[in-house]
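Engineer: Fold the stuff below for me.
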Amino acid sequence: MRGKPARQAGGFTLLEVLVAFVIAALALAVLYSGGIEGLVTTRTATLRDEAVARATARLEALCHGARLTPGLQNGDDGSGFSWRSQVQVAESAMLARGSPDDPQPKQRLTLFSVGVTISWPGGLRPHEVSLQTRCLAAVPGKPG
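Structural biologist: I've put the predicted structure just below:
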């Protein structure tokens, strides 16, 4: 009797092919996951940059636009963004006149604390960006 026949060289076994396939599938899954995560992070950063630009524009409009009035306001900013602003009086002081004969009415300097929040929907939770500043405004005071 002869011994076991020698294994023929020249090919892979089914088990070796399956193991190689599983390793390749795992590597592709990791690469795919990393690519998707990178795209989501880029999209989130782009939306955050846009929200900061919108909040900055709203602060500019509030501080350099019409007369500031304390209170809360909110609204839709388009493209899925919404805004909320809060204006509060931080300090106020009457400006002194140069002389008692000065025909100019007294003015009151008021320092306002102004905050703007821009929010937009996110995957698991909403996102928001808040900016705050202070604005100085001179308003006519009561004579006397």
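Engineer: neighbours around the closest residue to Arg58 other than its chain neighbours, how many?
Structural biologist: If you skip the residues right next to it in sequence, Arg58 has Val116 as its closest partner in space, 4.5 Å away by CB to CB, 6 or more residues apart in numbering. Every residue, glycine included, has its C-beta placed from N, CA and C. A count of nearby residues for Val116, using other CB atoms under 10 Å, gives 24.
Engineer: One more: the one 4 residues further on?
Structural biologist: By other CB under 10 Å, 18 other residues sit near Trp120.
Engineer: before we move on, what about the one 5 residues further on?
Structural biologist: Residues near Arg125, counting by other CB under 10 Å, number 7.
Engineer: what's it sitting at in phi/psi?
Structural biologist: Backbone dihedrals for Arg125, given as degrees, to the nearest 10, come out at phi -150, psi 160.
Engineer: Distance-wise, check Ser119 relative to Ala55.
Structural biologist: Look at Ser119 and Ala55: by CB to CB, to the nearest Å, they are 10 Å apart.
Engineer: Let me see the ranges of the strands in this protein.
Structural biologist: Read by DSSP state E, the chain holds these strands, from start to end of the chain: 71-78, 81-94, 107-120, 127-140.
Engineer: Could you point out which of those strands sits nearest Leu62?
Structural biologist: Taking CB to CB as the criterion, strand 107-120 is the member of the strands of the chain that comes nearest to Leu62, at 5.4 Å.
Engineer: Output the closest one in CSV, but only the C-alpha positions, please.
Structural biologist: Output for strand 107-120, consisting of C-alpha atoms alone and laid out as CSV, is shown next (Å, rounded to 0.1, in the frame of the first residue of the first chain):
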residue,chain,number,x,y,z
GLN,A,107,-28.8,112.7,24.6
ARG,A,108,-28.8,109.5,26.3
LEU,A,109,-26.0,107.0,25.5
THR,A,110,-27.3,103.4,25.9
LEU,A,111,-25.2,100.3,25.7
PHE,A,112,-27.2,97.3,24.4
SER,A,113,-26.3,93.7,24.8
VAL,A,114,-27.3,91.9,21.5
GLY,A,115,-27.4,88.2,20.9
VAL,A,116,-28.3,86.3,17.8
THR,A,117,-28.8,82.5,17.5
ILE,A,118,-29.2,80.7,14.2
SER,A,119,-30.4,77.1,14.3
TRP,A,120,-31.0,74.4,11.7
